[in-house]
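>>> coords please:
(chains A and B)
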There are 2 protein chains.
Amino acid sequence: MLTQKIVKLKEKLFSQAGLVEEMVTKSTRALVEKNESIAKETIKIDEPKVNNLEMEIEEDAINLMALYQPEASDLRTIIMIIKINKDLERIGDHAVNIAERALDLISKPKIKPLIDIPRMAENACKMLRESLNAFAKNESKLAIEVCENDSVVDALLDQITRELLTYMMSDPSVIDRALNLILISRDLERIADLATNIAEDTIFVAKGNVIKHHKGNE
Amino acid sequence: MLTQKIVKLKEKLFSQAGLVEEMVTKSTRALVEKNESIAKETIKIDEPKVNNLEMEIEEDAINLMALYQPEASDLRTIIMIIKINKDLERIGDHAVNIAERALDLISKPKIKPLIDIPRMAENACKMLRESLNAFAKNESKLAIEVCENDSVVDALLDQITRELLTYMMSDPSVIDRALNLILISRDLERIADLATNIAEDTIFVAKGNVIKHHKGNE
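Presented below is the predicted three-dimensional model:
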């Protein structure tokens, strides 16, 4: 009975992961395509959908613990669901930040074609999918790969920041737009970090082995 | 017996809060006073102290749940300890970011006297102290005040960003330093957001009343 309830709760968590991944993809698309309505759609997914589902998942998890008083691995799984749930909601918030900055940038001329930012978004979404996949299958090998991919996103962030700094220095009129793009790339990097957190928690459940703080990933 | 164990666990959480508050204060002081050794001290508090204590608190919380199978309000309290514990660790990570940026800025001339950044840090630390205080006393009134104060920090962030943008535009040679200061002020704003999360969780425990998502605070 508890096992079934946990399966259902995991399904809700995966729906939430699907929603926030959609938000990350849409917010970046809104930026690249200068599409105001896609940016606004992103924000509407967050509130109310993602925020309501976050509260529902947490309530369900607490109720499961109160009703079934699970032991050992079930207990750990439910606690990880609570933590992953919070991480997903934060990813949604970062996607909202990106959508809001995109709305600000849409009315202004582009500084440059955006290549690395969508690449970062793709990487972050892939990490998110794979971290949830690792959690679903309880597979620490997959989760370790996610942790390793984080450095790719960090390298992209450095590259984007350096490039945009040169734009800022050669033409002060682009400074505010370039700053917005730097902040968007930082939101994407935080999304990748949160996916890494989820992967770390998965390893924790799968192995009872704490690999947190293997590097300063925030 | 469980009650005593929860009191002990809360004490550990408060020590952790003290450590991360010290980190926020020190990292900002390192920046303002251009003091390399204080910046390095901040980083040393995070790893190993704060990171180890985070894992210890989470383990203790999970063990309490497994051993005592607490119900209702005790269960909620322990789950909130797990969540607050994670928020505190994230605050520590933001303080490390500030310390690292301070180390980068120490060797370079100051753009301007820093007034608003230390003010932001003070506000964020006050919010952190008060959110933990609200949790300790189980007082939602105090916690609501913390949530309200978040807008003060947001306003300071806007002001700092606007001011630094004008510096960037009038003198391209300060762009990288100004960007560093903008990113530091964003770390401080995130610290205030995390204190707000703690306050929201406190209200949740105190009233069983979810006030999350009362505004997009991430």
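>>> which parts of chain A sit against chain B?
Chain A has residues A:46-47, A:51, A:54-55, A:62, A:65-66, A:69, A:71-72, A:75-76, A:79, A:82-83, A:86, A:90, A:93-94, A:96-97, A:165, A:168-170, A:172, A:175-176, A:179, A:182-183, A:186, A:210, A:212-213, A:216, A:218 near chain B, with proximity defined as C-beta under 8 Å from any C-beta of the partner chain. Every residue, glycine included, has its C-beta placed from N, CA and C.
>>> return the subset of those residues lying in helices.
Within the residues of chain A next to chain B, residues falling in helices by DSSP state H are A:51, A:54-55, A:62, A:65-66, A:72, A:75-76, A:79, A:82-83, A:86, A:90, A:93-94, A:96-97, A:165, A:168-170, A:175-176, A:179, A:182-183, A:186.
>>> hang on, the earlier thing: just the buried subset of the residues of chain A next to chain B, please.
Neighbour-count burial (16 or more other C-beta atoms under 10 Å in any protein chain shown) applied to these gives A:46, A:51, A:54, A:62, A:65, A:69, A:75-76, A:79, A:82-83, A:86, A:90, A:93-94, A:96-97, A:165, A:168-169, A:172, A:175-176, A:179, A:182-183, A:186, A:212-213, A:218.
>>> excluding its backbone neighbours, what's nearest residue A:150?
residue A:196 (4.6 Å; C-beta to C-beta, 6 or more residues apart in numbering or on different chains).
>>> surely that neighbour touches residue A:145?
No: using C-beta atoms under 8 Å, residue A:196 is not in contact with residue A:145, being 10.8 Å away.
>>> those two: who's more crowded?
residue A:196 (27 against 15; other C-beta atoms under 10 Å in any protein chain shown).
>>> report the contact partners of that one.
A:127, A:131, A:146-147, A:150, A:217 (C-beta atoms under 8 Å, 6 or more residues apart in numbering or on different chains).
>>> what helix or strand is it located in?
helix A:175-207 (DSSP states H and E).
>>> what is the rounded mean pLDDT of that helix?
Mean per-residue pLDDT for helix A:175-207: 94.
>>> buried sites along that helix?
A:175-206.
>>> follow-up on the earlier one: ranking by neighbours, what's the top pick from the contacts of residue A:196?
Neighbour-wise, the contacts of residue A:196 (other C-beta under 10 Å) top out at residue A:131, 29 neighbours.
>>> got a list of what that residue touches?
Residue A:131 neighbours (C-beta under 8 Å, 6+ apart): A:143, A:146, A:195-196, A:198-199, A:202.
>>> nearest to residue A:104, of these?
residue A:195 (25.8 Å; C-beta to C-beta).
>>> quick one: residues contacting the closest one.
A:87, A:91, A:124, A:127-128, A:130-131, A:146, A:150.
>>> let's see that with 6 Å instead.
A:127-128, A:131 (C-beta atoms under 6 Å, 6 or more residues apart in numbering or on different chains).
>>> and the closest residue to it other than its chain neighbours, how far is that from chain B?
Closest residue in space to residue A:195, ignoring its immediate chain neighbours: residue A:127 at 3.9 Å, by C-beta to C-beta, 6+ apart. The gap separating residue A:127 from chain B is 18 Å, by C-beta to the nearest C-beta, to the nearest Å.
>>> tell me the pLDDT of residue A:127.
97.
>>> tell me which element it falls in.
helix A:116-137.
>>> in that helix, what's buried?
Buried, per 16+ other C-beta under 10 Å, within helix A:116-137: A:116-117, A:119-121, A:123-128, A:130-135.
>>> wait, doesn't residue A:132 sit right on residue A:17?
Yes: counting by C-beta atoms under 6 Å, residue A:132 touches residue A:17, with 4.7 Å between them.
>>> in JSON lines: the contacts of residue A:195, plus distance to residue A:5.
JSON lines is the format used below for the contacts of residue A:195 (distance: C-beta to C-beta, whole Å):
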{"residue": "A:127", "distance to residue A:5": "28"}
{"residue": "A:128", "distance to residue A:5": "25"}
{"residue": "A:131", "distance to residue A:5": "23"}
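>>> any idea of the pLDDT on residue A:70?
91.
>>> which residues sit in contact with it?
residue A:2.
>>> now it: phi and psi?
phi -70, psi 150 (degrees, to the nearest 10).
>>> gap between it and residue A:3?
Residue A:70 sits 10 Å away from residue A:3, going by C-beta to C-beta, to the nearest Å.
>>> now swap in residue A:134 and tell me
From residue A:134 over to residue A:3 (counting by C-beta to C-beta), the distance is 20 Å.
>>> go on, residue A:69?
Distance from residue A:69 to residue A:3, by C-beta to C-beta: 14 Å.
>>> re earlier: how far off helix B:175-207 does the helix holding residue A:196 point, in degrees?
Calculated by axes from the mean of the first three to the mean of the last three C-alpha atoms, to 10 degrees, helix A:175-207 forms an angle of 50 degrees with helix B:175-207.
>>> tilt between helix A:175-207 and helix A:116-137?
Using the same axes, to 10 degrees: helix A:175-207 against helix A:116-137 is 20 degrees.
>>> ok so, going back, out of the contacts of residue A:196, which is nearest to chain B?
Minimum distance to chain B across those is 8.2 Å, recorded for residue A:217 (C-beta to the nearest C-beta).
>>> state the pLDDT value of the closest one.
39.
>>> tell me the contacts of the residue nearest to residue A:195?
Residue A:127 neighbours (C-beta under 6 Å, 6+ apart): A:146, A:149, A:192, A:195.
>>> isn't residue A:140 up against residue A:205?
No: Residue A:140 is not in contact with residue A:205 according to C-beta under 6 Å; the separation is 8.7 Å.
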